[in-house]
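Chemist: Provide a 3D model corresponding to the input given below.
(chains A and B)
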Protein chains: 2
Amino acid sequence: VLAVTILGNNSAIPAFDRHPTAQVVTLDDHLFLIDCGEGTQTQMNKYKIRRSRINHIFISHLHGDHYFGLIGLVTSMGLLGRTQDLNLYGPGRLIDIFNLQLQVADTNLSFKLIFHPLENEGILVKENRYQVSCFRVFHRIECWGFIFRQIRPPRRVNADNARLAGIPAAFYDHLKWGEDYETQDGRHITNVSVTDPAPKPKSYAYSADTMYNPEVALKVKDVDMLYHETTYLKDLEERATKRYHCTTVQAAAIAKAAEVKQLLIGHFSSKYERLDDFEKETREVFPNSYLALEGVSYIVQ
Amino acid sequence: VLAVTILGNNSAIPAFDRHPTAQVVTLDDHLFLIDCGEGTQTQMNKYKIRRSRINHIFISHLHGDHYFGLIGLVTSMGLLGRTQDLNLYGPGRLIDIFNLQLQVADTNLSFKLIFHPLENEGILVKENRYQVSCFRVFHRIECWGFIFRQIRPPRRVNADNARLAGIPAAFYDHLKWGEDYETQDGRHITNVSVTDPAPKPKSYAYSADTMYNPEVALKVKDVDMLYHETTYLKDLEERATKRYHCTTVQAAAIAKAAEVKQLLIGHFSSKYERLDDFEKETREVFPNSYLALEGVSYIVQ
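Modeler: As a prediction, the model looks like this:
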């Protein structure tokens, strides 16, 4: 399964009980945190996110509403006795702030924090079952998006058929990756006769804070679900551009051009109390659009 | 009036809906913020604290649960268009962290932030009606307590009597400060005949995070209300000492030795879900003790 859980959907100033940006991506058994606005650790408690399962944290850029909660989350992990390594990805200066804050507190973490400064577009994490890559977006300061892709999962062994064909369970792992089987008496068992096709791998792109730029559509082309910011409604396009942000219809245009299946919108300006119009305006251009609501998990279909 | 409103009463890790340390002191029309754990700006929204009335922020020390919310609060003040000066008092390194965070975000505040590094014990702010001073406490890293004192308020003019005596309203300010009045026809009006005594000035001391040390009692001697940390119950005295914190009975002993009128306790360890025993144990030694509860304002009597 690939899903994203929203911990915060607001821009800049917390307002109307909305929190600054933070999202948890679930990829099978793994959790990944994207951005970490102030209060993220409290939101994790509220929504029962098991922080021990997070081994990778991605920070898009160094505006406070995307990372002020990071130091609190990470030092709390230390106070709770975490021992496994934690990988942190973000703009290079992030680690300077982090180290200074640890130093003045005379704090040593109980685990190893491995910092990976973001420098080039491309793959950041590559495992058997998934990969995470980053791409540049267009904001006032250096800013990065992230794409989470399942790698084509192995085929699924049809245990009944495999047993009937006399294939030992020890060989199932080979079957999953498409191998045929030769029995000891020389019969050839084709892979397709004892396995079912794997589900199509899914992908999720988080395009962070960005002004409207058609290049973003190329960078996230064909992902199943795209999260794109919509800081403003469409009537404030000029303000959006001036502040390196997007409107509803601009985000929808990117989703359309990228031919994604589903669009998730967020990073709503604190000037808006109600969000209905965000969904309405976006759907006029890209019907399969949804508000990123706090506490809700969106499963990538 | 002198009062303190609790925005957070927990130590280290947010737990059981308790937040890290932050308190707002109300002194007549002025608000002062003491410490600013993560989420303080959200707590201010929740409890309707008018941040525009805060012109002085005091940070006791650089452990995260006392200042991780500062950068978020102050940058939000900027985003909301604040123009009046803001005075910040804290250990010297605080401003390095702060400036680095502003720099990486390419942010300029809309107002002047005046940083006052804490270096010597003594008076930090002195106005007609109040003063704030600082004192060192005993923690693992540099740590400061703060005392807020009303300066003896002026006498109160008894308007009826003053009018009968023929004193012009323009002279009332002199009356408040104890002057007598000579009428144009040579009568001498004594001050006490046209004024009532001022209420006794009140004082509140915040002793931050500290291990047990009788010197603290000397530093806060005779204040009306003392806030003292009680991170642990009395059975964990050894752990408290090792971590430079206090137990219930240690805080109560300080209150008793200092001959304060009222003791407020807080900074409860995240290991405790219920707080009843904190109040119980403290009251066994110092009966006039109260839990510092979030959202509650305690008026200094």
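Chemist: give the contact list for the closest residue in space to residue A:226 that isn't next to it in sequence.
Modeler: Distance criterion Cβ to Cβ, 6 or more residues apart in numbering or on different chains; nearest residue to residue A:226, sequence neighbours excluded, is residue A:260 at 4.3 Å. Any C-beta I mention is one placed from the backbone N, CA and C, and that applies to glycine too. For residue A:260, the contacting residues are A:205, A:220, A:222, A:223, A:224, A:225, A:226, by Cβ atoms under 8 Å, 6 or more residues apart in numbering or on different chains.
Chemist: Assign a three-state SS to residue A:260, would you?
Modeler: coil (DSSP: H, G, I helix; E, B strand; the rest coil).
Chemist: any idea how far it lies from residue A:228?
Modeler: Taking Cβ to Cβ, to the nearest Å as the measure, residue A:260 and residue A:228 are separated by 9 Å.
Chemist: Show me what from the stretch 51-200 of chain A comes close to chain B.
Modeler: Residues of the stretch 51-200 of chain A lying close to chain B by Cβ under 8 Å from any Cβ of the partner chain are A:62-64, A:68-69, A:71-72, A:75-76, A:79-80, A:91, A:93-94, A:96-97, A:100-101, A:104-107, A:140-141.
Chemist: Let me see the mean pLDDT of stretch A:129-145.
Modeler: Over the span of stretch A:129-145, the pLDDT mean works out to 97.
Chemist: Sort out which residues of that stretch are buried, please.
Modeler: Judged by neighbour count using 16 or more other Cβ atoms under 10 Å in any protein chain shown, the buried positions of stretch A:129-145 are A:130-140, A:142-145.
Chemist: Pull the contacting residues for the residue of the stretch 101-250 of chain A found nearest chain B.
Modeler: Across the stretch 101-250 of chain A, the shortest distance to chain B (Cβ to the nearest Cβ) belongs to residue A:104, at 4.3 Å. Contacts here follow Cβ under 8 Å, 6+ apart; on that basis residue A:104 touches B:62, B:91, B:93, B:94, B:97, B:141.
Chemist: Compile these into TSV and extend it with columns for secondary structure and distance to residue B:245.
Modeler: Output for those, formatted as TSV (DSSP: H, G, I helix; E, B strand; the rest coil; distance: Cβ to Cβ, whole Å):
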residue	secondary structure	distance to residue B:245
B:62	coil	16
B:91	coil	18
B:93	coil	22
B:94	helix	22
B:97	helix	24
B:141	coil	13
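Chemist: List the contacts of residue A:155.
Modeler: Residue A:155 touches A:175, A:176, A:177, A:178, A:191, A:195, A:196, A:197, A:198, counting by Cβ under 8 Å, 6+ apart.
Chemist: how about the nearest residue to it, chain neighbours excluded?
Modeler: residue A:195 (4.0 Å).
Chemist: Going by secondary structure, the closest residue to chain B within the stretch 201-301 of chain A is in what exactly?
Modeler: Closest to chain B within the stretch 201-301 of chain A is residue A:270: 8.2 Å, counting by Cβ to the nearest Cβ. Here residue A:270, judged by DSSP states H and E, is contained in no helix and no strand.
Chemist: Let's verify residue A:25: helix, strand, or coil?
Modeler: Residue A:25 ends up strand, using three-state DSSP.
Chemist: Go ahead and confirm it touches residue A:148.
Modeler: Yes - contact criterion Cβ atoms under 8 Å: residue A:25 and residue A:148 qualify, at 5.3 Å.
Chemist: Mutual contacts of these two, please.
Modeler: With contacts defined as Cβ under 8 Å, 6+ apart, the residues shared by residue A:25 and residue A:148 are A:2, A:32, A:204.
Chemist: hang on, the earlier thing: and the residue of the stretch 101-250 of chain A closest to chain B, its phi and psi?
Modeler: phi -70, psi -30 (degrees, to the nearest 10).
Chemist: could you pull out the helices for the stretch 51-200 of chain A?
Modeler: Here the stretch 51-200 of chain A has its helices, by DSSP state H, counting those that start in this stretch, at A:70-79, A:94-104, A:159-164, A:172-176, A:191-194.
Chemist: quick one, which of those helices is packed in tightest?
Modeler: helix A:70-79 (a mean of 22; mean count of other Cβ atoms under 10 Å in any protein chain shown).
Chemist: Tell me what angle it forms with helix B:94-104.
Modeler: If you take axes from the mean of the first three to the mean of the last three Cα atoms, to 10 degrees, helix A:70-79 sits at 120 degrees to helix B:94-104.
Chemist: what's helix A:70-79 packed up against?
Modeler: strand A:30-36, helix A:40-46, strand A:86-90, helix A:94-104 (3 or more Cβ pairs under 8 Å, 6 or more residues apart in numbering or on different chains; DSSP states H and E).
Chemist: can the second one be found next to chain B?
Modeler: Yes - contact check for helix A:40-46 against chain B, using Cβ under 8 Å from any Cβ: residues in range are A:41, A:42, A:45.
Chemist: Export only the CA atoms of that helix, formatted as PDB.
Modeler: C-alpha atoms of helix A:40-46 as PDB (Å, rounded to 0.1, in the frame of the first residue of the first chain):
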ATOM      1  CA  THR A  40       4.400  17.900  14.300                       C
ATOM      2  CA  GLN A  41       5.400  15.700  17.200                       C
ATOM      3  CA  THR A  42       2.100  16.600  19.000                       C
ATOM      4  CA  GLN A  43       0.100  15.900  15.800                       C
ATOM      5  CA  MET A  44       1.900  12.500  15.600                       C
ATOM      6  CA  ASN A  45       0.700  11.700  19.100                       C
ATOM      7  CA  LYS A  46      -2.800  12.800  18.200                       C
END
